[in-house]
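Visitor: here's my sequence, what's the structure:
(chains A and B)
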Amino acid sequence: MIRVVVPWHLRTLARIGSEVELDVDGPATQRSILDALEAGYPMLQGTIRDHVTQKRRPFVRFFACGLDLSHELPDAPLPDAVATGTAPFLIVGAMAGG
Amino acid sequence: MSGVRVLVGTRKGAFVLTADGKRDRWEVSGPHFAGWEIYHVKGSPADPNRLYASQSSGWFGQIIQRSDDGGTTWEQVGNKFAYDGVPGTHQWYDGTPHPWEFARVWHLEPSLTDPDSVYAGVEDAALFRSVDGGMIWAELPGLREHGSGPLWQPGAGGMCLHTILIDPSNPDRIFIAISAAGAFRTDDGGKTWRPINNGLRSEQIPDPAAEVGHCVHRIAMHPSRPSVLFMQKHWDVMRSDDAGESWREVSGNLPTDFGFPIDVHAHEPDTVYVVPIKSDSEHFVPDAKLRVYRSRTGGNEWEALTNGLPQNDCYVNVLRDAMAVDALDSCGVYFGTTGGQVYASADAGEHWAPIVRDLPAVLSVEVQTLP
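Guide: From the prediction side, this is the model:
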């Protein structure tokens, strides 16, 4: 079971709490986690990754285990602590604005 | 008694304002979609309980919401706006080619007859349509691909398709406007398009009379006379009497002919409203006075309407989609400001009062006249 922390605005869209638990097929990667998240909550399609390019939106960040994983490749394995559910995978709205 | 429902989009959510036909006591609901930019909310003329809302965020992209109960509850519908084929390039601010990239939906225009059919004008400029209540969106690519697209360039606010007018006497005829490309018309339901900018002059572009490149801010028509169009351009208020084939300036005695919204009285096709703004460099009202200007002669002769509006120390703007009229007798006129006020006049502009004063910056105002 993988734990995913979702930012406020996406919680309101998906009508969920701050953290969801997901069963992910295969290795835990950004792509597999986001695929599982969007399958469970289709209203989040297009909000984290662009519908067409499937690239991370510019002001969305992925953190885990104190690391910024936003620039890792989508199929790169995530830390074991994420894969085992010890640590959550954080989807974060970047600090931006003023 | 009949009533009105005012649909307000703001920088931080949507608000629904309702009143009976007297229009003197208002109920305010919202914010809906708190924290999101709501570029536009509009109801179906065929079913006033069917509303569509464009909800967007710089962080999380575009969402479309639909209501079937007049805005009490909402359902998220489709948000995939994919250009048809390989979209090519338009000009970037520096004149270099730039790929078409979807940013947001600026304007939603429901069909006049079918609640499930709705058009969406988007940035980067293109026209989409849904025929299933907003679940699936398909581009009408004939506009973007008609030929002049590679010459289009964004205005300061982005290269947005912000105006969609459906001819009530001929649903195959649609007018649209793009900043900063100009006005365009289809006569075959959106398959083919052509620019309709003859007569526009824009000193801010290399050829002031170019076929495309004009920063049209808004177009309005009266449904009883769809071949007569009124336009607020970047500078100049314009009029066409031949469905956009040619335009002439009707700025007349306005204190400044820069501005964003323009609208037409519900029962008087030659009564037109604008809100002059000081300049393209200073986006606030001139002389610190908020004045709506009304022409009862189809342009050229304008009178200031000030009763109830702030006449000192006022520095707000009124954006292109932020003015609307109701169809009651007498006609109500409504507009929202970047300062968060929504003003209403129940007597065609003679007297004004704020419905609400302290909303987030207002992006759009639409009005439904309810049975």
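
Visitor: residue contacts, residue 89?
Guide: No chain specified, so I'll use chain A. The neighbourhood of residue A:89, defined by Cβ atoms under 8 Å, 6 or more residues apart in numbering or on different chains, consists of A:2, A:3, A:4, A:5, A:28, A:33, A:62, A:64, A:78, A:82. Quick note: C-beta positions are derived from backbone N, CA and C, even for glycine.

Visitor: think we crossed wires, I meant chain B
Guide: By Cβ under 8 Å, 6+ apart, residue B:89 lies in contact with B:97, B:98, B:99, B:100, B:150.

Visitor: redo that, cut-off 10 Å
Guide: B:96, B:97, B:98, B:99, B:100, B:124, B:149, B:150, B:152 (Cβ atoms under 10 Å, 6 or more residues apart in numbering or on different chains).

Visitor: export the residues you listed to CSV and append columns for secondary structure.
Guide: CSV is the format used below for these (DSSP: H, G, I helix; E, B strand; the rest coil):
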residue, secondary structure
B:96, coil
B:97, strand
B:98, strand
B:99, strand
B:100, coil
B:124, coil
B:149, helix
B:150, helix
B:152, coil
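
Visitor: filter these to the buried ones?
Guide: Among the contacts of residue B:89, those buried by neighbour count (16 or more other Cβ atoms under 10 Å in any protein chain shown) are B:98, B:100, B:124, B:149, B:152.

Visitor: can you tell me how far the third one is from chain A?
Guide: Look at residue B:124 and chain A: by Cβ to the nearest Cβ, to the nearest Å, they are 13 Å apart.

Visitor: tell me, how many residues neighbour the nearest residue to residue B:313 once chain neighbours are set aside?
Guide: Excluding its sequence neighbours, the residue lying closest to residue B:313 (Cβ to Cβ, 6 or more residues apart in numbering or on different chains) is residue B:288, at 5.5 Å. Residues near residue B:288, counting by other Cβ atoms under 10 Å in any protein chain shown, number 14.

Visitor: cool, and the one 4 residues further on?
Guide: Neighbour count of residue B:292, defined by other Cβ under 10 Å: 25.

Visitor: surely it and residue B:323 touch.
Guide: Yes. Counting by Cβ atoms under 10 Å, residue B:292 touches residue B:323, with 8.5 Å between them.

Visitor: can you work out which residues contact both of those two?
Guide: Contacts common to residue B:292 and residue B:323, judged by Cβ under 10 Å, 6+ apart, are B:261, B:263, B:273, B:274, B:275, B:333, B:335, B:343.

Visitor: low-confidence regions, chain A specifically.
Guide: Low-confidence segments of chain A (pLDDT under 70): A:97-98.

Visitor: enumerate the residues of it near chain B.
Guide: Residues of chain A lying close to chain B by Cβ under 10 Å from any Cβ of the partner chain are A:7-10, A:12-15, A:42-53, A:57-61, A:91-94, A:96-97.

Visitor: among the residues you listed, which are in helices?
Guide: Cross-referencing the residues of chain A next to chain B against helices under DSSP state H gives A:8, A:9, A:10, A:12, A:13, A:14.

Visitor: can you say which of these are buried?
Guide: A:9, A:10, A:13, A:14.

Visitor: and the residues you listed, which is closest to residue B:85?
Guide: Residue B:85 has its nearest neighbour among these in residue A:13, at 29.8 Å by Cβ to Cβ.

Visitor: chain neighbours aside, what residue packs nearest to that closest one?
Guide: Here the residue nearest residue A:13, using Cβ to Cβ, 6+ apart, is residue A:43, at 5.1 Å.

Visitor: tell me how many other residues crowd that neighbour.
Guide: Per other Cβ under 10 Å, the neighbour tally for residue A:43 reads 16.

Visitor: closest to residue B:110 among the contacts of residue A:89?
Guide: residue A:4 (36.4 Å).

Visitor: can you name the residues bridging to that closest one?
Guide: Under DSSP bridges, the beta-bridge partners of residue A:4 are residue A:20, residue A:89.
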